[in-house]
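Engineer: coordinates for the following, if possible.
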Amino acid sequence: MSRRSLAHWGAFSAEVRDGEIASVTPAAGDADPSPLLGNLPGSLRHRSRIAGPAVRRGWLQDGPGPSDRRGADEFVAVSWDELTELLAGELRRVIDTHGNEAIYGGSYGWASAGRFHHAQSQVHRFLKLLGGYTSSRHSYSLGATGAIMPRVVGTHDDLFKRSTAWDVIVEHTDLFVAFGGIALKNTGINHGGTTAHPARAALNRLRERGGTIVSFSPLRDDVDGECEWHAPVPGTDVAIMLGLAHVLATEGLADREFLDIYCIGYHRFERYLLGTDDGVPKSARWAAAISGIAAEDITALARRMAAGRTLVTISWSLQRTRHGEQAPWMGLTLAAMLGQIGLPGGGFGHGYGSMNEPGLAPLRHRLPVLPQGPNPVSTFIPVAAVSDMLLHPGREYDYNGLRLTFPDIRLVYWAGGNPFHHHQNLPRLRRALARPDTVVVHDPYWTAMAKHADIVVPSTTAYERDDYSGSRNDPMLTAMPALAPPYAQSRDDYTTFAALAERLGVGAPFTEGRTARQWLVHMYEKWAAGVDFAAPPFDQFWADGGLRLPTEPGLTLLADFRADPYTHRLNTPSGRIEIFSADIDGFGYDDCLGHPAWFEPTEWLGGARAQTYPLHLIANQPAGRLHGQLDGGAVSMASKVAGREPIRIHPADAAQRGLADGDVVRVFNDRGACLAGVVTDDRLRPQVVQLSTGAWFDPLDPADPDSMCVHGNPNVLTADVGTSALARGCTGAHVLVQVEKFSGPVPPVRAHEPPVIH
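Structural biologist: Sure thing, here's the model as predicted:
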């Protein structure tokens, strides 16, 4: 039987046989469906599924407490009643003894598409009713952006959901200047699902009209198809942008009127740009010495940018480095100097090619939502500071103008996410996870995080329960009827939390007397009553399989602000674009000044560290899966080399090391090591290697935190340091390494095998 559903990477129809997805077909009308749908067949009964409730043997025998056996211990199968009793008792113990602040409700991750069964919504609603929890702010994807852009342009969400539309770019843009490229592999996905993928066709239409794409990236394939490719030294994009800005400033090409009316602080920034105070003009020649891009090319591009309609766009990856706040801030400043912000096809963009959201029309109305209520606990951390928090309770730190203190976490509650994909320096994370009394994980699969848990709760997948979903820039609310019954003893998280809530005395406020199905109806009907168009009754919506929603097409980012900067003032202290921020300047941070600036990276080919680790590794998003989701799927597995994550290396660098396609290599630095499979490729800048994130962490010795990952997870290599004191965002995109051929017997990959369960 063929049934329709929705995933992060697209709408589809599935053939289901014997409780398993046998095949999938992309939805009709999707001109460029994501190949990641091919990971779904075989995923419901995969060997890595968690079959039933389990408790780590050491925790069950010795009780709660710190343990260095997490990740190496065996598990004991328990009944659902036993798990509910154990987990409810531990929650009550921690709350009564240490308070609700001692619970970290991290649960960071993409989880699954679905408005009701979204794992983070469920766990946060539950924990809030228990009295709250320590929470996290921002995301690994956009940690630096989430802190810097609200201060300089008054928002960060609007940069994505109200970005300049693809159709406007196609019609008006002359130069599409993409720092970090515009990788179409990433545009297959959206948080709540997506029903169309227009980016590839839009870029082709732009080229056909005569528009030009200019890509600054060490990777040629960060743009699919024709472009002007510049391959800078990784991490030097801000220097290039400063060089471009210097040309505009010194050749009279900057739009002074726009800067005076719509911006504040340009003159302070210009002193830095011209070297008035430090004696170092940030000229094209200066930028060339840092970036490896010829000064003549920088100068010529600046003149072309000023001569036509130019869109400056910054990929999300550029702010996932040390001082990551500077790239989006400098990109916005460069666009402001061109004076085209708010004009069709010109101005600024952030994230084109990072997800299937920028360029798409936003919905006129919010989607149905599960109410979570307020969190009685105000304590929070920047999301990428989880290891710092667990390792250093009581330590003070700076964050975004605040002086905060890490709480003493006794219980980590994780539902719908895998930090062994997102987080940096996995040996350090493993030591951090040894510190709490208890780690609880809800997951359908035996990921590395589940294997590091004390209490493992087997969750259903999105295809084993009824739900509906959509995204804020997709014109469909899509029904998602269950495709198959739950695997083995797995349960949806709502059922799990309802039982826990009942046991802990908050059952009635948690369920409000509704079944999961009744919640779907209630959420839909409440939403439908508040929209300004005719939404059908729930039963008709469900039978139809979806509902087309009204959108706001043809947007240009900040067009209303340009048309009337007083009525549509920005949500900044000045109401204008803050090229110089007095607030940030007042914080006194030495790693984030009051204006965008060049900071020498700690991990780059221009530094002393490169003498020991001479290859710059780009840890980007994989082409064969979303983050680490469905790593065992057919598309993901087909991308691997010798069963391991592929590492791309320039032929010259491979020859220097005696490497050939298919070799297994050891990738290492002073933080850790992993194995990977060689793919030689001249579409990289020499001295650059590329190893995607998302291969499930698989240590050779599970009992040793420093053990080599045999599967190819680059986060055993990355530094666990924040972008700056402003955002403390993730810095996992860049790391220096050395690569050598692995000698001796190649160990097997066990990443997708369950642990020993008694």
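
Engineer: what segments of the stretch 101-250 of the chain are strands?
Structural biologist: Taking DSSP state E, counting those that start in this stretch, the strands of the stretch 101-250 of the chain run over residues 103-104, 135-137, 175-179, 212-216, 228-230.

Engineer: can you check the stretch 301-450 of the chain too?
Structural biologist: Counting by DSSP E, counting those that start in this stretch, the strands of the stretch 301-450 of the chain are 310-314, 347-350, 380-382, 396-399, 402-405, 411-415, 438-443.

Engineer: and of those strands, who's closest to P371?
Structural biologist: strand 411-415 (17.6 Å; C-beta to C-beta). To be clear about C-beta, it is placed using only N, CA and C from the backbone, and glycine gets the same treatment.

Engineer: who's in contact with that closest one?
Structural biologist: For strand 411-415, contacts defined as C-beta atoms under 8 Å, 6 or more residues apart in numbering pick out 90-91, 94, 102-107, 111, 119-120, 122-123, 127, 133, 390, 433, 436-443, 449, 453, 457, 459, 493.

Engineer: from L332, how far off is D583?
Structural biologist: Remark: distance between D583 and L332 (C-beta to C-beta, to the nearest Å) = 16 Å.

Engineer: for R309, that is, sorry about that
Structural biologist: Separation of R309 from L332 (C-beta to C-beta) stands at 17 Å.

Engineer: those two: who's more crowded?
Structural biologist: Neighbour comparison, R309 and L332: the larger count goes to L332, with 28 against 20 (by other C-beta atoms under 10 Å).

Engineer: now that one. Nearest residue, chain neighbours left out?
Structural biologist: In space, and not counting its chain neighbours, L332 is closest to F348: 5.2 Å by C-beta to C-beta, 6 or more residues apart in numbering.

Engineer: burial of the one you found, as a residue count?
Structural biologist: Around F348 there are 26 residues (other C-beta under 10 Å).

Engineer: so where's the stretch 501-650 of the chain shaky on pLDDT?
Structural biologist: By pLDDT under 70, the stretch 501-650 of the chain has no low-scoring segment.

Engineer: got the domain ranges for this protein?
Structural biologist: For the chain, automatic domain parsing gives the domain ranges 1-34, 43-139+367-548, 162-353+555-562+573-587, 608-741.

Engineer: tell me the centre residue of the chain?
Structural biologist: Centroid-nearest residue in the chain: S141, 3.1 Å away (criterion: C-alpha atoms, centre = their mean).

Engineer: check contacts around that residue.
Structural biologist: Contacts of S141 by C-beta under 8 Å, 6+ apart are 316, 320, 354, 730.

Engineer: any chance of those residues in CSV, plus pLDDT and distance to V223?
Structural biologist: Below are the contacts of S141 laid out as CSV (pLDDT from 0 to 100; distance: C-beta to C-beta, whole Å):
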residue, pLDDT, distance to V223
W316, 96, 16
R320, 97, 19
S354, 93, 13
C730, 96, 24
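
Engineer: and the residue nearest to L332, bridged to which residues?
Structural biologist: For F348, the beta-bridge partners are V312 (DSSP bridges).

Engineer: what lies in contact with the helix or strand encompassing R93?
Structural biologist: Using DSSP states H and E, R93 sits within helix 80-98. Residues from elsewhere that reach helix 80-98, judged by C-beta under 8 Å, 6+ apart: 53, 55, 64, 78, 102-103, 130-131, 408, 410-411, 437-438, 440, 455, 457, 489, 491, 496, 499-500, 503-504.

Engineer: export it to CSV, keeping only CA atoms.
Structural biologist: Output of helix 80-98 as CSV, limited to C-alpha atoms (Å, rounded to 0.1, in the frame of the first residue of the first chain):
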residue,chain,number,x,y,z
TRP,A,80,8.0,-0.1,30.7
ASP,A,81,6.6,-0.1,34.2
GLU,A,82,10.0,-0.6,35.7
LEU,A,83,11.5,2.2,33.6
THR,A,84,8.7,4.6,34.5
GLU,A,85,9.2,3.9,38.2
LEU,A,86,13.0,4.3,38.0
LEU,A,87,12.9,7.4,36.0
ALA,A,88,10.1,9.1,38.0
GLY,A,89,12.0,8.3,41.2
GLU,A,90,15.2,9.8,39.9
LEU,A,91,13.5,13.0,38.7
ARG,A,92,11.9,13.4,42.1
ARG,A,93,15.2,12.7,43.9
VAL,A,94,17.1,15.3,41.8
ILE,A,95,14.4,17.9,42.2
ASP,A,96,13.9,17.4,45.9
THR,A,97,17.6,17.3,46.7
HIS,A,98,19.2,19.7,44.2
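
Engineer: between that helix and strand 438-443, how big is the angle?
Structural biologist: Computed by axes from the mean of the first three to the mean of the last three C-alpha atoms, to 10 degrees, the angle separating helix 80-98 from strand 438-443 equals 140 degrees.

Engineer: show me what counts as buried in helix 80-98.
Structural biologist: By neighbour count with 16 or more other C-beta atoms under 10 Å, helix 80-98 contains the buried residues 80, 83-84, 86-88, 90-91, 93-95, 98.

Engineer: make a markdown table out of the residues you listed and add distance to G658.
Structural biologist: Formatted as a markdown table, the buried residues of helix 80-98 follow (distance: C-beta to C-beta, whole Å):
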| residue | distance to G658 |
| --- | --- |
| W80 | 55 |
| L83 | 52 |
| T84 | 57 |
| L86 | 54 |
| L87 | 53 |
| A88 | 58 |
| E90 | 53 |
| L91 | 55 |
| R93 | 57 |
| V94 | 54 |
| I95 | 58 |
| H98 | 55 |
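
Engineer: widest-spaced pair of the residues you listed?
Structural biologist: W80 and H98 (26.7 Å).

Engineer: now render the contacts of S141 as a markdown table, adding distance to S48 and neighbour count.
Structural biologist: Below are the contacts of S141 laid out as a markdown table (distance: C-beta to C-beta, whole Å; neighbours: other C-beta atoms under 10 Å):
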| residue | distance to S48 | neighbour count |
| --- | --- | --- |
| W316 | 28 | 26 |
| R320 | 28 | 27 |
| S354 | 28 | 25 |
| C730 | 26 | 29 |
